[in-house]
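>>> A structural model of the following input is requested.
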Amino acid sequence: MTIEERLQEFQETFLGENWIWRHGQQEAILEIIQAYKNNFKTIILAAATGSGKSIIGMAIAYILNKEENKKGFILSSDLSLQEQYEKDFQRFNINWGSIKGIANYLCIDNNEKNSLGTCRIRNKAPKRMHCYNECPYFSARDLAVESPTALLNYAYFLIHMNYVNQHMDEPIFELRDFCICDEGHKILDIIQNHYSPKFDSKTIEKLEKLTDFFIVYKVNNHNKIFYDIKDNIRKLFQTENQDTLHEILIKIEESFEQYFPSYEKLKNKVDENYPHQDPPKPWKEALRLCDWLKDLHCKVEDYVDIIKATSTRNLVKNPTKEDELTFNCLEESYMMHKYFHQWTGFTVLMSATFADPTSYMRSIAVGNAKYIKMHSNFNFNKSPIYFYNKRRMTYKEINGNLSWLYGKIDEILDKHKTERGIIHTVSYDLTKKIYENLSKKNQKRLLIYSGSDEKKQVLDILKRNKNNVLIGPSLVEGLSLNDNWSRFQIWAKVPYLSLGDKFVATKLKIDPIWYREKAIISLLQGTGRSIRSETDWAVTYILDGSLSDLLHSNRKSFSEEFVQRLKIIDE
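Below is the predicted model of the structure:
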């Protein structure tokens, strides 16, 4: 069969004869398959919001399965995107497996999260359990293993390729021929976060609780090890020398490892003491803490190895919050090759917001790639971007312009008094200041949140009331506020990353282009929250004049559609 015939087969088999392809979809699929035949290793597909990336990805995977007899993965950036793909699989009757982390499934034997399922807490081989064939987790995993294309999220993929497969005689997910990577602009951040250990006050609290349990229930006495770890974590907060920090992290990792025999002994004691019933609550909590400690140990072990393989000069001690330390690594190209590129095979990286593809390739350590651009077919006639270029909201200038900012936001809210909208604030501090300085009637419209759980709650309220406005610092991704759910959005500040973050500040000195590109990607992502289809529309207001800097220095990173929509307001 020709590639075109395979694509037609995919349409007829899954999409139906009445399916209408969106503008550019077929062309992108055919071009990517041809690039594969021409021995390209990496494809970057810049596909605008609404271009149907999931269908493109599924069609590419199907053709590679059938025409080339290749197996592969589709990788999603988070669980919500993975669930969207799962709905598409179901809607189009595509029988590919999808698997998430074990904690997302319930054990049908004890009704706990599968991470505390009967087989795990009793050291039982899962396949010897009576419930194996009905287990939601293992059923999903086995289907994904057997499927020619399997849907995973990046976190699960990284764990299996870099940890599970390295510690098993027979890997569960063997190396495959291709990876279709959705939200490809997030990959570097995902890798960085995945291999960045974190320590805070709860680290000591959890470890002390586990240590006490082991003593009380006569599993083992780890008191000396605990106090050594506690002392070493204290030294992490007090020390700045990179070589010394690395040495301390090595000691902590080695101390963590000494708890593991007790974990195995605990699971054996569960089976001995509670053979026919669930263990008591303290035992379950201890088992949870053991899993937590294993996860933290893996992060520290990987990080120690990364720094050892590169240099302690790449170690960044990052006080991300009060009483919290995160350790980052500057040598991200090493991390990309070691933990991602070597496992992906033929790789298709898809996103609506790559900004400058050359900068993106450099950031993820890709030397050569084919770049394909799908232009948006949205009608933006009713979606202008009003850019107020006179007042800058930089760290040095914002205080002198806050009064104007509050007044302008009040004015815009009055103009859209019967409509829902979004206010992007970049920080919780600015969110609070804006709220406190608006008129009483507009304050009543605002929905404020302080974390991801509260954000989900206020989103439900937003969709129930006709003129509420969502305000906050983390609204640039993961929202789909189509049609009347959002008819306007306000940028109070250009979304530069905080220079209070030591990793960001250090990386800025090394790579200023990266810093600007991150702001542009966030701006483009956030501006797309309110326009989700060809018939959708929303008015955007950018109240920070420092956007001019990005437009002048990184003009090619902005899409043509964005630039054409700009209306300059000189006030």
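
>>> could you point out which element follows the worst-scoring helix or strand of the chain on mean pLDDT?
When the helices and strands of the chain are scored by mean pLDDT, DSSP states H and E, helix 452-464 comes last with a mean of 73. Downstream of helix 452-464, the first helix or strand assigned by DSSP states H and E is strand 469-472.

>>> Name every strand pairing with that following strand and say which way it goes.
Strand 469-472 has the following strand partners under DSSP bridges: strand 421-424 (parallel), strand 446-448 (parallel).

>>> among those, which gets the worst mean confidence?
Mean pLDDT is lowest for strand 446-448 among those, at a mean of 88.

>>> Longest helix in this protein, please.
helix 281-309 (DSSP state H).

>>> Highest mean neighbour count out of the strands paired with strand 469-472?
Greatest average neighbour count among those goes to strand 421-424 (a mean of 27), per mean count of other CB atoms under 10 Å. C-betas here are computed from N, CA, C, even on glycine.

>>> any idea how far the residue positioned nearest the centre of the chain is from Ile190?
With distances taken as CA atoms, centre = their mean, the residue of the chain nearest its centroid is Ser77 (4.8 Å). Distance, Ser77 to Ile190, by CB to CB, to the nearest Å: 7 Å.

>>> so what sits against both of those two?
Residues touching both Ser77 and Ile190 by CB atoms under 8 Å, 6 or more residues apart in numbering: Tyr154.

>>> I'd guessed Val316 sits against Glu331; true?
No. The pair Val316 / Glu331 is not scored as a contact, 10.4 Å apart, by CB atoms under 8 Å.

>>> So for these two, which sits in the more crowded spot?
More crowded of Val316 and Glu331, by other CB atoms under 10 Å: Val316, with 20 against 16.

>>> Format the CA atom coordinates belonging to the strand or helix carrying that one as PDB.
Using DSSP H and E, Val316 sits in strand 315-321. The C-alpha coordinates for strand 315-321 follow below in PDB (Å, rounded to 0.1, in the frame of the first residue of the first chain):
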ATOM      1  CA  LEU A 315      24.700  21.500  40.900                       C
ATOM      2  CA  VAL A 316      22.200  24.200  41.800                       C
ATOM      3  CA  LYS A 317      20.900  24.500  45.400                       C
ATOM      4  CA  ASN A 318      17.600  26.100  44.900                       C
ATOM      5  CA  PRO A 319      15.600  27.400  48.000                       C
ATOM      6  CA  THR A 320      12.200  27.200  46.300                       C
ATOM      7  CA  LYS A 321      10.200  28.000  49.400                       C
END
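
>>> Also compute the angle for the helix or strand just after that strand relative to helix 281-309, please.
Downstream of strand 315-321, the next assigned helix or strand under DSSP H and E is strand 324-329. Relative orientation of strand 324-329 versus helix 281-309 (axes from the mean of the first three to the mean of the last three CA atoms, to 10 degrees): 40 degrees.

>>> There's contact between Asn52 and His23 in this structure, I believe.
Asn isn't right for residue 52; it's Gly. No. Judged on CB under 8 Å, Gly52 makes no contact with His23 at a distance of 9.6 Å.

>>> Now do the strands in the stretch 101-250 of the chain.
149-153, 178-181, 198-200 (DSSP state E, counting those that start in this stretch).

>>> Turn these into a markdown table, including mean pLDDT, mean neighbour count and distance to Ala355.
Listed next are the strands of the stretch 101-250 of the chain as a markdown table, based on pLDDT from 0 to 100; neighbours: other CB atoms under 10 Å; distance: least, CB to CB, whole Å:
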| stretch | mean pLDDT | mean neighbour count | distance to Ala355 |
| --- | --- | --- | --- |
| strand 149-153 | 98 | 25 | 23 |
| strand 178-181 | 98 | 25 | 17 |
| strand 198-200 | 96 | 18 | 28 |
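
>>> would you list those strands in a markdown table and tack on distance to Thr2?
As requested, the strands of the stretch 101-250 of the chain are exported to a markdown table (distance: least, CB to CB, whole Å):
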| stretch | distance to Thr2 |
| --- | --- |
| strand 149-153 | 21 |
| strand 178-181 | 20 |
| strand 198-200 | 52 |
